[in-house]
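*Asks:* this one's structure only:
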């Protein structure tokens, strides 16, 4: 994870003062960015996308988890005491290289989920998707002007990210990171950092 000094240093060099929006947080981030963009500060986004009906039923990209995790109260009931097996399966199922998710990464993930309100905080993000969509819709008419890097993974969404973001941004540059799935930062951190460095180099 980013607790590793080498990975943290690579990100720090690449990002500087830039904004990074990841996955489902991109929806809320886009709305916030629309109100603050000055047309100069660049922004980068990581995978988030629509379900693909050609995928296996339990693949995260089918969207099954959006339905389950959005249900009121039931996920909290079923996941209590089962955080480690569920979130380990959930994270590794969407990866190109599941072994890149180390035990210490899982420890941190589960520790956060087990904190008071931890699981509910995760779930509320999914439950707010419709509200996020409604809040973002007005911004389609006036996309943000700052440069945006849309990052997809070879085994997760690919260039779909760069095809979606023009709804909310005028200047979108795309990058697809090879040998990676949903957890790009763990699976191919060097290629991801290089994509950031290349994008921010002339900003």
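*Replies:* It's in. This one's a predicted model, so the numbers in the text were calculated from it and none came from an experiment. Numbering: from 1, shown residues only.
*Asks:* which residues in this structure form strands?
*Replies:* Secondary structure of the chain, counting by DSSP state E: strands at 19-21, 43-45, 148-153, 172-177.
*Asks:* now the angle from the third one to strand 172-177?
*Replies:* Going back to what we said before, that points to strand 148-153. Interaxial angle of strand 148-153 relative to strand 172-177 (axes from the mean of the first three to the mean of the last three Cα atoms, to 10 degrees): 20 degrees.
*Asks:* neighbours of residue 172, how many?
*Replies:* Residue 172 has 20 neighbouring residues, counting by other Cβ atoms under 10 Å. All C-beta atoms are positioned from the backbone trio N, CA, C, and that covers glycine.
*Asks:* same deal with residue 169?
*Replies:* Residue 169: 24 surrounding residues under other Cβ under 10 Å.
*Asks:* how close does the residue nearest to residue 118 when sequence neighbours are not counted sit to residue 74?
*Replies:* In this structure, residue 118 finds its nearest non-sequential neighbour in residue 112, 5.4 Å apart by Cβ to Cβ, 6 or more residues apart in numbering. From residue 112 across to residue 74, the span is 21 Å (Cβ to Cβ, to the nearest Å).
*Asks:* re the thing from before, would you turn the strands of the chain into CSV with distance to residue 56 and mean pLDDT?
*Replies:* CSV is the format used below for the strands of the chain (distance: least, Cβ to Cβ, whole Å; pLDDT from 0 to 100):
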stretch, distance to residue 56, mean pLDDT
strand 19-21, 28, 58
strand 43-45, 26, 66
strand 148-153, 17, 96
strand 172-177, 22, 96
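*Asks:* any chance of those strands in a markdown table, plus distance to residue 131?
*Replies:* Shown next, in a markdown table, are these (distance: least, Cβ to Cβ, whole Å):
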| stretch | distance to residue 131 |
| --- | --- |
| strand 19-21 | 17 |
| strand 43-45 | 20 |
| strand 148-153 | 23 |
| strand 172-177 | 24 |
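*Asks:* to residue 123, which of these lies closest?
*Replies:* strand 19-21 (20.0 Å; Cβ to Cβ).
*Asks:* so where do the helices sit in this structure?
*Replies:* 5-15, 25-34, 64-70, 74-79, 83-93, 103-114, 118-127, 129-136, 160-164, 184-187, 189-200 (DSSP state H).
*Asks:* next, the closest residue to residue 153 other than its chain neighbours: phi, psi?
*Replies:* Residue nearest to residue 153 in three dimensions, not counting chain neighbours: residue 180, with 4.3 Å by Cβ to Cβ, 6+ apart. With angles defined as degrees, to the nearest 10, residue 180 sits at phi -150, psi 160.
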